[in-house]
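Student: generate coordinates for the sequence data below:
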Amino acid sequence: MKMTDKKEAISITESFIRENEVYNSFVVDSANIIEREAVWYVPFKELNPNPDNILVGAYNGLIVDKNSNEFMQPGSALDLETWMYGFKIGLRGGRQDLLIEKINDYRATLEVLDKLGLTYVKIKLEGKTEWKIPKDFKRKEIKKRLDKLPCIFKNQAFTFSIDEFKQIRNERMFEYKLLKSENTDQNILGELI
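Tutor: Numbering: from 1, shown residues only. Below you'll find the model as predicted:
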């Protein structure tokens, strides 16, 4: 399998800069590119920085997967090393499905799934109005799912759950896959039930 090299990671970042108007005066900061085992971090910088024009909310750079060319612009809520680790283990932003294939520690699995804040959405009709009501999975609902493996929790937001997934991996609580959610309605966060 062909790995994404530094040149390709730069090209992906340059395309991102061109396609996003807010970065029209930015260029790749080649001197500060970071390489890790599975990812590149390609920063970009403003050519003529204006101290009155400060962008807040995201790093000026992209994390690029060496195997798939997938990329993500990390937010400012976490440090860069944490973002790169999360990206490496499959937390790519957006909505994902959590497929649990095998449980090694049932009690620990329940505890961490509670921490993940798994949600579902029920649709309620009131006259001609359709209400999409988000709800958290209760422990008994999670247990019911775990009783029939493999099980899946669809359309979840794990972007800021890096510490929990690190714990899952380190303690080998359960075996799982993170899949890209097939949900196309961005107004719904959680599994549609």
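
Student: show me the domain layout of this protein.
Tutor: Structural domains of the chain, as assigned by automatic domain parsing, span the residue ranges 6-88, 95-192.

Student: now those in CSV, with mean neighbour count and mean pLDDT?
Tutor: The C-beta positions use only the backbone N, C-alpha and C, and glycine is treated the same way. Supplementary listing: the domains of the chain in CSV, determined by neighbours: other Cβ atoms under 10 Å; pLDDT from 0 to 100:
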stretch, mean neighbour count, mean pLDDT
domain 6-88, 15, 90
domain 95-192, 15, 91
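
Student: now do the longest helix anywhere in the chain: everything it contacts.
Tutor: Longest helix in the chain by number of residues (criterion: DSSP state H): helix 6-19. Residues from elsewhere that reach helix 6-19 (Cβ atoms under 8 Å, 6 or more residues apart in numbering): 4, 23-24, 26-28, 30, 33, 35, 40, 42, 44, 61-62, 64, 66, 69, 71, 73.

Student: please apply the same query to stretch 110-122.
Tutor: By Cβ under 8 Å, 6+ apart, the residues outside stretch 110-122 that reach it are 98, 132-137, 139, 142-143, 146, 153, 156, 158, 161, 164, 167-168, 173, 188-193.

Student: ok, 6 Å please
Tutor: Around stretch 110-122, the neighbours that count as contacts under Cβ atoms under 6 Å, 6 or more residues apart in numbering are 132-137, 142, 153, 156, 161, 164, 168, 188, 190-193.

Student: before we move on, what about stretch 146-164?
Tutor: Here stretch 146-164 makes contact (Cβ under 6 Å, 6+ apart) with 82, 86, 91, 93, 95-101, 112, 115-116, 118, 145, 181, 183, 189-191.

Student: what about it, how long is it end to end?
Tutor: Taking Cα to Cα, to the nearest Å, the span from the opening residue of stretch 146-164 to its closing residue is 18 Å.

Student: is Tyr120 within a helix or a strand, and which one?
Tutor: Under DSSP states H and E, the secondary-structure element containing Tyr120 is strand 119-126.

Student: and the angle for the very next helix or strand once past that strand with strand 119-126?
Tutor: The element immediately downstream of strand 119-126 (helix or strand, assigned by DSSP H and E) is strand 129-136. Compare the direction of strand 129-136 with that of strand 119-126 by axes from the mean of the first three to the mean of the last three Cα atoms, to 10 degrees and you get 150 degrees.

Student: show me what strand 129-136 is packed up against.
Tutor: In this structure, strand 129-136 packs against strand 119-126, with contacts taken as 3 or more Cβ pairs under 6 Å, 6 or more residues apart in numbering; DSSP states H and E.
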